[in-house]
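Colleague: Fold the stuff below for me.
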Amino acid sequence: MQFAQIQEARDFLEQHPDVRLIELFLIDANGVPRGKLLHRAELLAIYESGRPLPSSILALTIQGEDVEATGLVWDVADADCWTYPLPGSLTLQPWRAQPTGQLQVSMHPTQGLPASPADPRHALIRVIDRLKADGYNPVMAVELEFYLLDQQRDANGRPQPARQANGVRPQAPQVYGVAELEQVEAFLNDLYAACEVQGLPVRTAISEYAPGQLELTLEHRFDALQAIDEGVRYKRLVKGVAHQHGLQACFMAKPFGDQAGSGMHMHVSLADAQGNNLYASEDPHGTPLLKHSIGGMMSTLLDSLAIFCPNANSFRRFQANSYAPLAKSWGVNNRTVSFRVPGGPANSRHIEHRICGADANPYLAAAAILAGIHQGIRQQIDPGPAITGNGYAQAKEFLPTDWLTALRALEQSDWAKEQFSAEFLKVFLAIKHAEYREFMGEVGEQDWRWYLTHA
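Modeller: Next up, the predicted model:
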């Protein structure tokens with residue numbers, strides 16, 4: 001575990017004398033940033049001796065409610081747990097009205113007890129370290145789809161796509177439309193500028209397959225942990241810039257029943273210590289190592305589905321012919337499968353993991369992906385033949401499409417206990433079961449429409 005040196009904070013304060021406040025945050029099990037807004041006078045002390053945060057900060061539902069069954073609330077007297085700054089995370093938040101800094105922290109492995117085993121970033125570090133011990137350096141990149149929504153709901157109280165610069169609310173998908181990108185030019189300009197300030201390697205912008213849906217790609221990183229850190233900070237930034245423009249950036253997996261869902265596609269390859277791509281091959285199907293990696297991800301897919309799809313809404317994304325995968329399948333240059341090997345030159349060969357919704361925690365998703373890859377390599381798991389053509393029509397082994405089945409599979413998985421630790425899973429599953437009970441206990445509009453009169 002590497003934490004930042006104090007000189008980073010001294011340089012920041014010297015370069016930004018106008019900054020008075022700094023947003024300090026860590027990422028919880030749901031991928032939600034939680035923390036405090038601090039005065040600049042408090043910054044150096046965080047680098048010198050850490051910052052205490054309550055143990056319960058890692059025991060919260062997505063609604064921010066304590067889950068006592070995690071063991072991190074009253075059982076430990078909501079103890080203070082020490083966090084420390086992550087290198088390179090101290091930046092500006094350009095979207096703020098007043099100059100404001102941003103600092104990401106993580107639990108200290110020992111001073112952060114009893115909460116540190118529940119820190120999702122730690123789970124990813126452990127998996128990466130195990131791969132590196134066997135000579136594999138994971139290379140990753142994150143792609144996140146999201147909707148730009150109006151902050152005002154429609155007449156029925158439902159979310160709606162934001163109006164474009166011409167005052168028109170988009171109605172048609174217009175996938176890959178360049179005119180649609182021009183209509184959100186002001187937002188994209190500020191988004192790219194903010195990413196430049198924070199050092200985030202944002203590249204191509206795409207109008208996705210629904211009104212108001214966008215995707216911007218992040219450059220791959222030789223350091224997988226850096227890639228996921230950047231994905232987390234990018235998501236925070238998108239929401240901040242959208243708010244600055246009077247908009248809402250929505251990363252729900254399926255915000256609209258009749259429109260495309262939003263995914264988080266994870267691109268991954270393995271390199272040696274010199275950075276050479278171990279998947280590189282003139283064969284579009286890649287090397288045996290690549291195929292074993294896919295085999296491992298297939299073999300652990302059910303065990304990790306509750307991590308890739310962590311919410312009730314996540315499973316609404318799984319629909320045929322929707323560009324969201326439904327089965328244990330792989331293919332070359334094929335967007336109807338779960339594990340896609342994109343085309344391109346030999347040295348760019350990699351796997352695109354297409355299961356995750358945009359609502360997944362990037363740290364946990366990456367950890368599950370890499371742990372599956374590691375199992376596939378160690379056990380030399382054959383993924384079977386690649387799918388050619390329509391993967392939806394050829395699917396044989398479908399994924400479960402309900403939350404509870406996925407949670408139970410994770411709960412019963414010996415592989416998950418080994419990879420994530422029993423301590424982490426106790427916390428994660430306690431949170432998710434609490435959310436499941438609360439979600440299923442809520443009676444709403446759909447219940448009334450279906451059953452109020454005729455049941």
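Colleague: got the phi/psi numbers for residue 273?
Modeller: The main-chain torsion angles of residue 273 are listed as degrees, to the nearest 10 and equal phi -60, psi -20.
Colleague: Give me the residue ranges of this structure where confidence is low.
Modeller: Along the chain, the model assigns pLDDT under 70 to residues 320-323.
Colleague: Against residue 5, how distant is residue 129?
Modeller: With the distance defined as C-beta to C-beta, to the nearest Å, residue 129 ends up 22 Å from residue 5. No exception for glycine: its C-beta is placed from N, CA and C like everyone else's.
Colleague: so how many other residues sit close to residue 10?
Modeller: Burial measure for residue 10: 13 neighbouring residues, criterion other C-beta atoms under 10 Å.
Colleague: What strand or helix carries it?
Modeller: Secondary structure from DSSP states H and E places residue 10 in helix 6-15.
Colleague: Could you tell me which residues within stretch 24-37 count as buried?
Modeller: 24, 25, 26, 27, 28, 29, 30, 31, 33, 35 (16 or more other C-beta atoms under 10 Å).
Colleague: nope, stretch 181-201 is what I was after
Modeller: Of all the residues in stretch 181-201, those buried under the rule 16+ other C-beta under 10 Å are 181, 183-184, 187-188, 190-192, 194-195, 198, 200-201.
Colleague: try stretch 56-74
Modeller: Buried residues in stretch 56-74, defined by neighbour count with 16+ other C-beta under 10 Å: 56-62, 66-67, 69-73.
Colleague: so which two of those residues are the farthest from each other?
Modeller: Of all pairs drawn from the buried residues of stretch 56-74, the greatest distance, 19.2 Å, lies between 62 and 71 (C-beta to C-beta).
Colleague: For stretch 236-249, which residues meet the burial criterion?
Modeller: With the criterion 16+ other C-beta under 10 Å, stretch 236-249 contains buried residues 236, 237, 238, 239, 240, 241, 242, 244, 245, 247, 248, 249.
Colleague: Now flag whichever of the residues you listed is closest to residue 286.
Modeller: Checking the buried residues of stretch 236-249 against residue 286 with C-beta to C-beta, the nearest one is residue 238 at 31.9 Å.
Colleague: How many neighbouring residues does residue 380 have?
Modeller: Using other C-beta under 10 Å as the criterion, residue 380 is surrounded by 12 other residues.
Colleague: Next, give phi and psi for it.
Modeller: Residue 380 adopts backbone torsions of phi 50, psi 60, taken as degrees, to the nearest 10.
Colleague: For it, which non-adjacent residue is closest in space?
Modeller: Spatially, and ignoring its direct neighbours in sequence, residue 380 is nearest to residue 292 (5.3 Å; C-beta to C-beta, 6 or more residues apart in numbering).
Colleague: just checking, what packs against the longest strand belonging to the chain?
Modeller: Counting residues, the longest strand found in the chain (DSSP state E) is strand 137-150. Helices and strands in packing contact with strand 137-150 are listed as helix 120-133, strand 213-218, helix 224-244, strand 247-250, strand 264-271, helix 362-379; criterion 3 or more C-beta pairs under 8 Å, 6 or more residues apart in numbering; DSSP states H and E.
Colleague: Tell me which of those is the most buried.
Modeller: For these, the stretch with the most neighbours on average is helix 362-379, a mean of 25; neighbours defined as mean count of other C-beta atoms under 10 Å.
Colleague: Between strand 264-271 and it, find me the angle.
Modeller: Using axes from the mean of the first three to the mean of the last three C-alpha atoms, to 10 degrees, the direction of helix 362-379 lies 40 degrees away from that of strand 264-271.
Colleague: Tell me the first helix or strand C-terminal of helix 362-379.
Modeller: Counting by DSSP H and E, the next helix or strand C-terminal to helix 362-379 is helix 391-394.
Colleague: List the buried residues for that next one?
Modeller: 391, 392.
Colleague: can you map out the strands along this structure?
Modeller: Counting by DSSP E, the chain forms strands over residues 21-27, 33-39, 51-54, 80-85, 91-92, 100-107, 137-150, 202-207, 213-218, 247-250, 264-271, 330-332, 339-341, 351-353, given from the N-terminal end onward.
Colleague: does residue 69 really touch residue 428, like I thought?
Modeller: No. Taking C-beta atoms under 8 Å as the contact criterion, residue 69 and residue 428 are not neighbours in contact, 11.3 Å apart.
Colleague: what sits against the residue positioned nearest the centre of the chain?
Modeller: Taking C-alpha atoms, centre = their mean as the criterion, residue 362 is the residue nearest the geometric centre of the chain, at 2.8 Å. For residue 362, the residues meeting the contact criterion (C-beta atoms under 8 Å, 6 or more residues apart in numbering) are 31, 142, 228, 231, 232, 235, 264.
Colleague: With residue 142 instead?
Modeller: Shown here is residue 142, whose contacts under the criterion C-beta under 8 Å, 6+ apart are 218, 227, 228, 230, 231, 234, 264, 265, 266, 267, 362.
Colleague: any chance of these in TSV, plus distance to residue 135?
Modeller: Conversion of those to TSV gives the following (distance: C-beta to C-beta, whole Å):
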residue	distance to residue 135
218	26
227	20
228	21
230	25
231	25
234	30
264	28
265	26
266	22
267	21
362	25
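Colleague: Out of those, which is nearest to residue 177?
Modeller: For these, the minimum distance to residue 177 (C-beta to C-beta) is 20.1 Å, reached by residue 265.
Colleague: for the closest one, which residues make a bridge with it?
Modeller: Legend: beta-bridge partners of residue 265 under DSSP bridges are residue 143.
Colleague: surely it meets residue 352?
Modeller: Yes. Using C-beta under 8 Å, residue 265 is in contact with residue 352, at 5.5 Å.
Colleague: re the thing from before, now do the buried residues in the helix holding residue 10.
Modeller: By neighbour count, with 16+ other C-beta under 10 Å as the criterion, the buried positions of helix 6-15 are 8, 9, 12, 13.
Colleague: and which of those residues is nearest to residue 384?
Modeller: Distances from these to residue 384 were compared by C-beta to C-beta; the smallest belongs to residue 8, at 48.4 Å.
Colleague: got the contact list for the residue nearest to residue 402 when sequence neighbours are not counted?
Modeller: Nearest non-adjacent residue to residue 402, counting by C-beta to C-beta, 6+ apart: residue 315, 6.0 Å away. Contacts for residue 315 were tallied using C-beta under 8 Å, 6+ apart; they are 309, 401, 402, 403, 406.
Colleague: Please apply the same query to residue 287.
Modeller: With contacts defined as C-beta under 8 Å, 6+ apart, residue 287 is in contact with 278, 279, 280, 281, 349.
Colleague: and what of residue 198?
Modeller: With contact set as C-beta under 8 Å, 6+ apart, residue 198 has these partners: 91, 92, 94, 102, 233, 237.
Colleague: Confirm for me that the fourth one is in contact with residue 89.
Modeller: Yes. Counting by C-beta under 8 Å, a contact exists between residue 102 and residue 89, whose distance comes to 7.3 Å.
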